[in-house]
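Colleague: Build me a structure from this.
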Amino acid sequence: MENEYINVAIRPNGRFTIGTNEGNPEIATDNRKKLLYGWPGGGTSYTTVRIDGIDYYYGGENISTPPHNIDEEYRNSSAAKYGNVYVRQDISLVDGGFSGMMDTVEIKYIVTNNDTIPHYVGIRIMLDTMLGSNDYAPFRVPGIGDIETTTTFLGDEIPDYWQAMDSLVKPTVVSQGTNIKYQQNPPDKFVLGNWLTLAENMWNSNYTGYNGDSAIATYWEPKQLAPGESTEYITYYGISKITIAGDKPLVVIVSGNTSLSATETGYVPNPFTITSYITNNTNDTIKNVMAKIILPDGIVPYTGTDTDIVIGDMTARSHKQVSWQLFAGQIPEQKTLEYKVVVWGDDTEPTEVTRQITIPASISDIFDDGTDKEKYRILREIGNDFEQDITSRIHRKPEIKNVRITPGDQEGVYELYVDEYFVDTSKGASPFFYWASTKGYFEDKKIDNYRKVIFHCDEGTSGQKVSILLKMGDGLGNVVYKKLYVDGIGTTSSAGTLEAKFTNLVASVKSWDTMRIRYNISYTDSEGRPVPGTKVSLYYSLDNQAEWKPIARDLVGVNGYNWIVPDLSSSNARIKLVATNDGVIKEVISQPFTIMPDIYIKGKVVDHNGNPIVNAKVIIGDRYTYTDVNGCYIINRLSPGVYSLRVEKEGVEFEKTQYDNIVLSYLNRNTTKNFYGKR
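Modeller: Predicted coordinates for the structure are as follows:
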């Protein structure tokens, strides 16, 4: 099973292995490379099914339905039977959320109890990692760093994602696994370890030494499965789309989500992690190395995350890792935002890496405020633009034969109709149409499945030929394009009327809350006709309007914005709205409101020599977090009160394990508590 990026070889017994075809299209070194041992032939990865304390490996004589590809989707399915417990394995090619491409393998098991009595069922997925020719491939975990000895993660300490590579310094092929802790059935344990130990111990493994022949195992501990009940177990493995700048003294690799997912409760993951791997690619020490992340509007550092990170001196050929936790505010329409990581040292040319992340339209009820959003929309694109089934059947290619362009009653308005085309309906083809323009907009009407559209040129395009792109697909994997041109329209002769007002008022918000800023705007020309395209910019002031700082600029086609309130404090904050259209400007200032600052506890956990202790658990009440690669932690968004704080780390004794009677308020809103290991 394969596509242009990735290839999965699946044996008749259901066991599989993974490699690349093209791999990451942006680099040439990972073509036709192993991601798991044995590819493109057999492999040594396998899945353990534990039923009532007895361990079975998936496949072999238990296979009841041999592996087979399902043509309608990029999926291979098989099934095995263990008494009256049925296990189905689905291997699918998906977009893993880090590249925008189908370069990730979803590994799913669906377990169904067809018995009349309950059974206790658990799953362990073991993958034998091999990157290119390196069967001892080391791991990297965001927030922790390079891992070359067996490491076990439990529960919430399990990393969101991890990476393996053929080299920590100059990788030519990089893979990524994703644990998706926020899925309905998250894993209970995750091990980065040694293949032989994991292979010889189908369930429990207590090895703590050097990884050597590296492998990973993801565990779901046995849980009772009632008669007729089913449970899914899912993990992901595929290509890691990293962005590399390798032509400077400081080599910088950046990885992290290229998209978030929208749920009814917000985005996931959110906060999300961006990680940078830095290598001193010289033969000398580079002093005072710094890393900085530059963020666009709509993404802010999460509490406790600094945009500037001090790395310090880096010796020749050494490498470091830094991570930023970021938070995205919900937006009503999808946007792709760009951020930049910059790394530099004394007397060293800065290295810059630019990367993008797509924030989807929110589907939570935060935008369901009853206002008519349609009148604010400008449709620069319209129609059906969906993925097609690719068929191997012989068929004729589609063709756009003629498009009729009819001027409307108003200047700059046109009816566009595909009046003659061909698709091979005898082979099951069915046409779909998609239109786009950057200098005009389409009326939101679905006419004959978008075979016909109504198009308006933008004001100020007089004397220009406005281009319109038409795309037609046949549903069989073929797409044809045609460029059309219409005459533009001049600017309205006299200024129109622009109205703007806020529609919601708040008395107070807390730092890191998402503040819903809502407004109504309308612009009509001198003849009273509504004109879309009004741009809205938003600003905030903390000091009775003495200084205005930007929140968002040039919002078009929406009636609000979700502002992630930074860690601020003010009893006299205000929001200013500036609307512009066709040279007309309207300014509105909100009533004052209060911003209550964040309350948090932060600190470090170090050994007796001052070295960071990574992955220590820091607990306050029913909340907890883990220390990062620098031994740092933060627990924020607390309420005023009296707290106790304690630390835990297996195998480590501390001089002091708990602080009591920590008093926090809006006047005394943060404190630093460090923990030190015993000698």
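Colleague: what's near enough to touch residue 57?
Modeller: For residue 57, the contact set (Cβ atoms under 8 Å, 6 or more residues apart in numbering) comprises 46-49, 202. Using the backbone N, CA and C atoms, a C-beta is placed for each residue, glycine as well.
Colleague: Adding pLDDT and neighbour count, write those residues out as TSV.
Modeller: Formatted as TSV, the contacts of residue 57 follow (pLDDT from 0 to 100; neighbours: other Cβ atoms under 10 Å):
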residue	pLDDT	neighbour count
46	87	21
47	94	25
48	94	19
49	95	23
202	86	18
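Colleague: which of those lies closest to residue 407?
Modeller: Among the contacts of residue 57, residue 47 lies closest to residue 407 (Cβ to Cβ), at 64.2 Å.
Colleague: could you point out which element follows the helix or strand where that closest one lies?
Modeller: Assigned by DSSP states H and E, residue 47 falls within strand 46-51. The helix or strand immediately downstream of strand 46-51 is strand 54-57, counting by DSSP H and E.
Colleague: CA atoms only for that next one, dumped as CSV, please.
Modeller: Extracted in CSV, the C-alpha atoms of strand 54-57 (Å, rounded to 0.1, in the frame of the first residue of the first chain):
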residue,chain,number,x,y,z
ILE,A,54,-2.6,-14.4,28.1
ASP,A,55,-0.4,-12.8,25.4
TYR,A,56,-0.9,-13.4,21.6
TYR,A,57,0.9,-11.7,18.7
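Colleague: What residues of the helix or strand following that strand count as buried?
Modeller: Per DSSP H and E, the first helix or strand lying C-terminal to strand 54-57 is strand 63-70. Residues 63, 67 are the ones in strand 63-70 that count as buried (16 or more other Cβ atoms under 10 Å).
Colleague: picking that back up, got a markdown table for the contacts of residue 57, with distance to residue 143 too?
Modeller: Listed next are the contacts of residue 57 as a markdown table, based on distance: Cβ to Cβ, whole Å:
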| residue | distance to residue 143 |
| --- | --- |
| 46 | 30 |
| 47 | 28 |
| 48 | 29 |
| 49 | 32 |
| 202 | 30 |
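Colleague: Identify, from those residues, the entry nearest to residue 262.
Modeller: Nearest to residue 262 among the contacts of residue 57, with distances taken as Cβ to Cβ, is residue 47, at 30.9 Å.
Colleague: and that closest one, how far is that from residue 622?
Modeller: 34 Å (Cβ to Cβ, to the nearest Å).
Colleague: again, but for residue 452
Modeller: When residue 452 is compared with residue 622 (using Cβ to Cβ), they lie 59 Å apart.
Colleague: Can you pick out the residue with more neighbours from the two?
Modeller: residue 452 (18 against 5; other Cβ atoms under 10 Å).
Colleague: What residues does that one make contact with?
Modeller: Residue 452 makes contacts with 415-418, as judged by Cβ under 8 Å, 6+ apart.
Colleague: Just name the closest of the contacts of residue 57 to residue 442, please.
Modeller: Of all the contacts of residue 57, residue 47 has the smallest distance to residue 442: 49.6 Å, by Cβ to Cβ.
Colleague: show me where pLDDT drops low in the stretch 451-600 of the chain?
Modeller: 491-495 (pLDDT under 70).
Colleague: show me where it has strands.
Modeller: 452-457, 465-473, 479-487, 497-502, 508-510, 514-524, 535-541, 549-555, 560-564, 570-581, 584-589, 593-596, 600-606 (DSSP state E, counting those that start in this stretch).
Colleague: In the longest one, which of the residues would be classed as buried?
Modeller: Put plainly, it is strand 570-581. 570, 573-581.
Colleague: Between all of the residues you listed, which two are at the greatest distance?
Modeller: 570 and 581 (31.0 Å).
Colleague: which residues in the protein form helices?
Modeller: Secondary structure of the chain (DSSP state H): helices at 195-200.
Colleague: Give me the below-cutoff pLDDT ranges for it.
Modeller: Along the chain, the parts satisfying pLDDT under 70 run over 71-73, 168-169, 180-183, 365-378, 385-393, 491-495.
Colleague: Residue 530 versus the closest residue to residue 312 other than its chain neighbours, what's the distance?
Modeller: If the residues on either side of it in the chain are set aside, residue 312 comes closest to residue 289, at 6.4 Å by Cβ to Cβ, 6 or more residues apart in numbering. Separation of residue 289 from residue 530 (Cβ to Cβ) stands at 55 Å.
Colleague: Give me the more crowded residue out of these two.
Modeller: Taking other Cβ under 10 Å, residue 289 and residue 530 do not tie; residue 289 has more neighbours (23 against 10).
Colleague: if we can go back for a sec, output the contacting helices and strands for the strand holding residue 47.
Modeller: Counting contacts by 3 or more Cβ pairs under 8 Å, 6 or more residues apart in numbering; DSSP states H and E, strand 46-51 is packed against strand 54-57, strand 75-82, strand 85-94, strand 104-113, strand 119-127.
Colleague: quick revisit: of the contacts of residue 57, closest to residue 422?
Modeller: Set against residue 422, the nearest of these by Cβ to Cβ is residue 47 (48.6 Å).
Colleague: So for that closest one, what's the nearest residue that isn't a sequence neighbour?
Modeller: Distances taken as Cβ to Cβ, 6+ apart place residue 58 nearest to residue 47, at 4.1 Å, with adjacent residues excluded.
Colleague: just residue 427 next, same as before
Modeller: On the basis of Cβ to Cβ, 6+ apart, the spatially nearest residue to residue 427 that is not a chain neighbour turns out to be residue 395, at 3.8 Å.
Colleague: And for residue 115?
Modeller: Using Cβ to Cβ, 6+ apart and skipping the chain neighbours, the partner closest in space to residue 115 is residue 84 (3.7 Å).
Colleague: since we're on residue 54, how many residues are nearby?
Modeller: Using other Cβ under 10 Å, residue 54 is surrounded by 9 other residues.
Colleague: Relative to residue 202, how far out is it?
Modeller: The gap separating residue 54 from residue 202 is 10 Å, by Cβ to Cβ.
Colleague: Check residue 656 too.
Modeller: Residue 656 sits at a distance of 41 Å from residue 202 (criterion: Cβ to Cβ).
Colleague: got it, and residue 278?
Modeller: As judged by Cβ to Cβ, residue 278 and residue 202 stand 39 Å apart.
Colleague: now do residue 639
Modeller: Residue 639 sits 47 Å away from residue 202, going by Cβ to Cβ.
Colleague: Kindly state which of the helices and strands packed on strand 46-51 is positioned closest to residue 68.
Modeller: Of all these, strand 75-82 comes closest under Cβ to Cβ, at 6.4 Å.
Colleague: list the helices and strands the closest one packs on?
Modeller: Applying 3+ Cβ pairs under 8 Å, 6+ apart, we find strand 75-82 packed against strand 6-10, strand 46-51, strand 63-70, strand 85-94.
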